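*Asks:* kindly return the folded structure for what I paste below:
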Amino acid sequence: MLYLYHNDMSVCAQKVRMVLAHKELDWEGSNLNLRAGEQFAPDFLKVSPKGLVPVLVHDDAVILESNAIVQYLDEVFPESPLMSPNAVERAQIRGWLIRLDAGLHEQLAVISFCVAFRHQLLQRHATSESLQVFFEKISDPSRRTVMEDIVTNGLESPRLRLAALAYKKLIGDMATALADSEWLVGGEISLADFAMLPYIERLEQLQLSGWWAAYPQLDQWLARLRTTQAYLVGINEWSNPSYIQLMNDSGAEAWPHMKALLG
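*Replies:* I've put the predicted structure just below:
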């Protein structure tokens, strides 16, 4: 049996659900409310000590980290493979996944919270004491420090420009890869496409698609992925209208500031 602890709008959970849908795998799960702090519940911390989603439980095996989960699923359920039979292309696919773990995931969190999600937390935790209790529940000192900064400082966080520059570089590299191909690696859809899609869609939801206005191939790539069953089941069916509305509204308001960050 496959059991997934996830969140409807988590980019990491979205990529895992897309792989599950692509492979037509049945699963059960728990959709945790991260803004309410359900990831800090003692029972969940026994499964995920850092309080992070997604977590996949397959029979007696507990698999942490989304990129490890999607590679595990592709190995254990080889039908409809998402890794190329070519060794060079497999290395390139892993390269895209590594970029997310090497900083891009945290940088998207910086952008998302500075622009939009901080407003949810500040509304839920109306006093400084309540907010501090939320921060203190984050066991990882590095994550806690980042969260305190981006929630407190928002668009004025010094981390925001660094995150914007990192995504400017990513967008350029993706545009190069897609210049002569429908997919990021080789001629077939792969884990690289499913891994990157939620991150680019999140930028679009934050009204930041102007960052790739010069690269129409990114919009074409997005359009192709959105016709897949993996997207329709793994992302579209889990869309949270209130989150998307918050991102749209906050992103539109923040766009002049975000555009200026990239000069």
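*Asks:* residue 13: which element?
*Replies:* helix 11-22 (DSSP states H and E).
*Asks:* average model confidence for that helix?
*Replies:* Mean per-residue pLDDT for helix 11-22: 98.
*Asks:* who are the packing partners of it?
*Replies:* strand 2-6, helix 66-76, helix 105-112, helix 191-205, helix 229-234 (3 or more CB pairs under 8 Å, 6 or more residues apart in numbering; DSSP states H and E). Every residue, glycine included, has its C-beta placed from N, CA and C.
*Asks:* turn the ones you listed into a markdown table, including mean pLDDT.
*Replies:* Converted to a markdown table, the helices and strands packed on helix 11-22 look like this (pLDDT from 0 to 100):
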| stretch | mean pLDDT |
| --- | --- |
| strand 2-6 | 98 |
| helix 66-76 | 98 |
| helix 105-112 | 96 |
| helix 191-205 | 98 |
| helix 229-234 | 98 |
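*Asks:* isn't there a helix covering residue 33?
*Replies:* No - the assignment for residue 33, made by DSSP: H, G, I helix; E, B strand; the rest coil, is coil rather than a helix.
*Asks:* next up, the contacts around it.
*Replies:* By CB atoms under 8 Å, 6 or more residues apart in numbering, residue 33 lies in contact with residue 7.
*Asks:* so residue 53, which of the three states?
*Replies:* From three-state DSSP, the assignment for residue 53 is coil.
*Asks:* how far away is it from residue 216?
*Replies:* For residue 53, the distance to residue 216 equals 34 Å [CB to CB, to the nearest Å].
*Asks:* the more surrounded of those two?
*Replies:* Between residue 53 and residue 216, residue 53 has the larger neighbour count (other CB atoms under 10 Å), namely 24 against 11.
*Asks:* I'd say the more buried one and residue 14 touch.
*Replies:* No - under the criterion of CB atoms under 8 Å, residue 53 makes no contact with residue 14, lying 10.8 Å away.
*Asks:* domains of the protein?
*Replies:* Segmentation of the chain into domains, based on automatic domain parsing, reads 2-76, 87-261.
*Asks:* now the shortest one, how far from the chain's geometric center?
*Replies:* In terms of CA atoms, centre = their mean, to the nearest Å, the gap separating the centre of domain 2-76 from the centre of its chain is 13 Å.
*Asks:* and residue 213, how many residues sit next to it?
*Replies:* Per other CB under 10 Å, the neighbour tally for residue 213 reads 9.
*Asks:* CA atoms of stretch 141-156 as PDB?
*Replies:* Only the C-alpha atoms of stretch 141-156 are listed here, as PDB (Å, rounded to 0.1, in the frame of the first residue of the first chain):
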ATOM      1  CA  PRO A 141      17.600  26.200  13.200                       C
ATOM      2  CA  SER A 142      18.500  27.200   9.600                       C
ATOM      3  CA  ARG A 143      14.900  26.800   8.400                       C
ATOM      4  CA  ARG A 144      13.700  28.700  11.500                       C
ATOM      5  CA  THR A 145      16.100  31.600  10.900                       C
ATOM      6  CA  VAL A 146      15.000  31.900   7.200                       C
ATOM      7  CA  MET A 147      11.300  31.700   8.100                       C
ATOM      8  CA  GLU A 148      11.600  34.400  10.800                       C
ATOM      9  CA  ASP A 149      13.300  36.700   8.300                       C
ATOM     10  CA  ILE A 150      10.900  36.300   5.300                       C
ATOM     11  CA  VAL A 151       7.700  36.400   7.400                       C
ATOM     12  CA  THR A 152       8.900  39.400   9.400                       C
ATOM     13  CA  ASN A 153      10.500  41.400   6.600                       C
ATOM     14  CA  GLY A 154       8.600  40.400   3.500                       C
ATOM     15  CA  LEU A 155       9.600  42.300   0.400                       C
ATOM     16  CA  GLU A 156      12.400  44.000   2.300                       C
END
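*Asks:* what ranges of the stretch 101-250 of the chain fall below the confidence cut-off?
*Replies:* Across the stretch 101-250 of the chain, nothing is flagged by pLDDT under 70.
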